[in-house]
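Q: pasting the structure only:
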Ligand code: CAA
């Protein structure tokens with residue numbers, strides 16, 4: 001039977017490419033989204049991938065969604081924590097709400113989803129968790145103390161949970177994407193983005209598929225000996 005995979009934020013951008021790649025590799029994929037129902041419906045129609053609406057930053061909503069998926073398809077064995085938002089501003093202009101929103105959605109969601117699925121994976125003696133971090137969690141970024149803190153937290157979270165999962169066959173890894181051509185990156189002011197692209201040795205933004213390829217590698221059944229690692233996919237912008 002196909003293994004059940006859940007991709008948070010899986011209907012747009014990097015998440016959509018991950019959902020599609022996992023489906024092509026034979027997984028039964030469910031893609032979650034938080035707000036953009038129109039985009040999710042179009043994605044489901046185009047790909048045949050089931051979509052489910054819940055706020056990954058809410059523990060209660062996450063548990064209910066995970067239980068719903070498990071009751072209809074079986075326990076989740078492949079989890080990609082991809083959901084993420086930005087609320088960029090320099091610290092002097094950043095509000096507490098902007099901080100909380102990014103920490104809850106980007107880092108709190110990793111806790112919520114892993115908490116809801118990890119014991120099932122341990123019992124099954126198989127699990128593949130991939131957390132999507134960021135180059136900006138590794139290197140920092142002007143105007144992103146919230147995002148950089150959340151993404152940096154994801155990298156620590158990954159290494160800690162990998163130690164808990166290893167003896168049960170549950171691997172936990174991270175990918176640190178660089179600047180990828182998505183709505184999120186296109187929202188960066190054009191003059192700022194131009195300067196960022198000039199610093200990418202590969203000379204271009206990443207494609208969502210560049211990140212999906214890394215997820216396929218880390219979630220393969222054969223990737224049993226890879227855990228606690230971070231793969232940087234950033235065109236050489238930050239060699240970490
Ligand atoms: N280093 C040093 N100084 C900088 C700087 C930098 N990287 N960027 C801007 N500054 C300076 C500016 O030159 C300016 O100085 P002056 O006032 O002397 O001219 C000052 O800081 C204020 O800059 P802004 O006018 O840009 O300030 P703002 O308040 O209008 O905007 C900002 C600040 C919102 C952070 C804006 O600069 C911005 O959006 N930056 C992009 C942040 C970014 O890269 N976000 C990534 C989003 S994509 C993502 O996160 C995905 C991923 O994982 C990679």
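A: Happy to help now that I have it. As the structure is a prediction and not an experimental result, all values here were calculated from the model. Numbering: from 1, shown residues only.
Q: so residue 29 sits in a strand?
A: Yes: assessed by DSSP: H, G, I helix; E, B strand; the rest coil, residue 29 belongs to a strand.
Q: What about the residue of the chain found nearest the ligand, how many residues nearby?
A: Closest to the ligand within the chain is residue 143: 2.1 Å, counting by CB to the nearest ligand atom. For glycine as for every other residue, the C-beta is placed from the backbone atoms N, C-alpha and C. Neighbour count of residue 143, defined by other CB atoms under 10 Å: 18.
Q: residues contacting it?
A: When contacts are counted by CB atoms under 8 Å, 6 or more residues apart in numbering, residue 143 touches 88-90.
Q: what do you get for residue 137?
A: Contacts of residue 137 by CB under 8 Å, 6+ apart are 147-148, 150-155, 176.
Q: Which single helix of this structure contains the most residues?
A: helix 145-165 (DSSP state H).
Q: For residue 209, list the residues it contacts.
A: 17, 21.
Q: Can you list phi and psi of it for me?
A: Dihedral pair for residue 209: phi -70, psi -30, per degrees, to the nearest 10.
Q: How about residue 225?
A: According to degrees, to the nearest 10, residue 225 has phi -100, psi 10.
Q: Report all helices and strands that the one helix or strand residue 60 maps to contacts.
A: For residue 60, the enclosing helix or strand under DSSP states H and E is helix 59-73. Contact here means 3 or more CB pairs under 8 Å, 6 or more residues apart in numbering; DSSP states H and E; on that basis helix 59-73 packs against strand 4-7, strand 28-33, strand 50-53, strand 76-81, helix 109-124.
Q: Between helix 109-124 and that helix, find me the angle.
A: 40 degrees (axes from the mean of the first three to the mean of the last three CA atoms, to 10 degrees).
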